[in-house]
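Asks: How does the following fold in three dimensions:
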Amino acid sequence: MPALRSRLALALALSMAAAFPAHADDQGVPYWASIDADVANMRVGPGDSYRISWIYRRPHLPVKVLRKEGPWRLIEDPDGERGWMRDLLLSRQRAAMIKGKGDVDMRAEPKSGSHLQWKVEPGVVGLLGDCDAGWCQFDADGHKAFAPEDRLWGTGNP
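Replies: As a prediction, this is how the structure comes out:
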């Protein structure tokens with residue numbers, strides 16, 4: 001009887017393992033992250049032996065993590081480029097990048113009639129705070145203000 005139970009337990013375990021998706025690592029994706037290094041390489045595949053497709057020199061650049069493969073993450077950058085990056089080069093700290101055409105008015109409070117703090121141009125990267133009612137806290141190198149959410153890449157659901 002114990003041998004029969006062992007075989008049944010093994011068969012049950014194998015059938016349960018087959019029910020899980022091939023990429024069990026993919027739990028919790030997609031999600032937002034940011035580059036957490038002064039220099040970060042994006043590769044064409046999930047491993048050091050794959051060719052480097054991009055070299056990033058923009059700490060806090062927001063990226064969307066689309067897939068996990070061991071310690072590697074398939075990411076998408078603000079320009080839509082996709083590739084693989086080591087998890088050690090990424091942070092869960094939220095960041096955003098100014099998008100669109102023309103400068104963005106940075107406001108003292110989260111409303112359009114609020115005092116104008118300064119203007120920023122598309123491509124500026126900053127740390128992202130809370131977003132509410134179409135406005136997000138945005139910190140560009142210690143300069144903090146509120147930006148319209150629709151002008152930021154890296155907000156909302158990934």
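Asks: Next up, the contacts around residue 31.
Replies: Each residue near residue 31 by CB atoms under 8 Å, 6 or more residues apart in numbering is listed here: 64-65, 92, 158. For glycine as for every other residue, the C-beta is placed from the backbone atoms N, C-alpha and C.
Asks: Can you classify residue 88 as helix, strand or coil?
Replies: Secondary structure, DSSP: H, G, I helix; E, B strand; the rest coil: residue 88 is helix.
Asks: Now do it against residue 114, distance only.
Replies: Separation of residue 88 from residue 114 (CB to CB, to the nearest Å): 39 Å.
Asks: sorry, back to before: buried subset of the contacts of residue 31?
Replies: In those, burial by neighbour count holds for 64-65, counting by 16 or more other CB atoms under 10 Å.
Asks: Out of the contacts of residue 31, flag the one nearest to residue 76.
Replies: Proximity of the contacts of residue 31 to residue 76 (CB to CB) peaks at residue 64, which lies at 4.5 Å.
Asks: ok, the helix or strand hosting the closest one: who's next to it in the sheet?
Replies: Assessed by DSSP states H and E, residue 64 sits inside strand 62-69. Note on strand 62-69: by DSSP bridges, its sheet partners are strand 31-35 (antiparallel), strand 72-76 (antiparallel).
Asks: And for residue 86, the neighbour number?
Replies: 18 (other CB atoms under 10 Å).
Asks: Show the contacting residues for it.
Replies: Going by CB under 8 Å, 6+ apart, residue 86 touches 71-73.
Asks: Next, the residue nearest to residue 39 when sequence neighbours are not counted: phi, psi?
Replies: By the measure of CB to CB, 6 or more residues apart in numbering, the closest residue to residue 39 outside its immediate chain neighbours is residue 57, 5.7 Å from it. For residue 57, the backbone dihedrals (degrees, to the nearest 10) come out as phi -130, psi 40.
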